[in-house]
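>>> Quick one, fold the following:
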Amino acid sequence: MRLSSLADYAVVMMSAAARHCGVSGRLNATVIAGETGLPLPTVQKLVSKLSAAGLIESTRGTGGGFRLARPPVSITLADIVEAIEGPIAVTTCVDAAAHDCAVEGNCRVRPHMGHVNGAVRGALAGVSLATLSAGVAA
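Predicted coordinates:
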């Protein structure tokens, strides 16, 4: 299982924003792009997606910018990933609308995949943005 580049970049961007939390009022995309090395158009796209998900508050225009909508300790890795990727799922077979599996009618694993997806989401939800932005773990 691997995150998309956009989800990975969102984690990098949110970690940088969390490090600025309390230091300055609002950040702008140019500052975050410069600090993280992410392309400015990518940061702008992420600001839009993360704002729509309620993880950051964004203001356009002079004096605008963005800031975290909640303290870093209350934003999780799962929140960030879901803002970019949608619901966390190892397989799509637990989605009632998905019927693209060749063995769906005979599958004995499908009833258990909800539990697997929940475990993966739980692991990601156990990592806060505060932890991610704190630096390298020992």
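
>>> check contacts around Ser128.
Counting by C-beta atoms under 8 Å, 6 or more residues apart in numbering, Ser128 makes contact with 72-77. C-betas here are computed from N, CA, C, even on glycine.

>>> got the residue ranges for the helices in the protein?
Along the chain, counting by DSSP state H, helices occupy 5-20, 29-36, 40-52, 77-85, 110-125, 129-133.

>>> can you tell which of these is closest to Gly63?
helix 29-36 (13.9 Å; C-beta to C-beta).

>>> I figured Leu124 hits Ile88, correct?
Yes: counting by C-beta atoms under 8 Å, Leu124 touches Ile88, with 6.5 Å between them.

>>> Between the two, which contacts overlap?
Joint contacts of Leu124 and Ile88 (C-beta under 8 Å, 6+ apart) are 78, 81.

>>> what residues are up against the residue nearest the centre of the chain?
Closest to where the C-alpha atoms of the chain average out (C-alpha atoms, centre = their mean) is Ile80, at 1.7 Å. Shown in contact with Ile80 (C-beta under 8 Å, 6+ apart): 7, 10-11, 14, 50, 55, 129.

>>> Return the member of these nearest to Gly65.
Using C-beta to C-beta, the contacts of Ile80 come closest to Gly65 at Leu50, 13.1 Å.

>>> Quick one: residues contacting that closest one.
So Leu50 contacts 10, 13-14, 56, 80, 83-84 (C-beta under 8 Å, 6+ apart).

>>> likewise Pro41?
Counting by C-beta under 8 Å, 6+ apart, Pro41 has no contacts.

>>> Turn the contacts of Ile80 into a markdown table, columns for distance to Glu104.
Listed next are those as a markdown table, based on distance: C-beta to C-beta, whole Å:
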| residue | distance to Glu104 |
| --- | --- |
| Ala7 | 27 |
| Ala10 | 32 |
| Val11 | 33 |
| Met14 | 36 |
| Leu50 | 34 |
| Leu55 | 34 |
| Leu129 | 37 |
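
>>> and the residues you listed, which are buried?
7, 10-11, 14, 50, 55, 129 (16 or more other C-beta atoms under 10 Å).

>>> out of these, who's nearest Pro111?
Closest to Pro111, out of all of the buried ones among the contacts of Ile80 and judged by C-beta to C-beta, is Ala7, at 27.9 Å.

>>> Brilliant, that's me finished.
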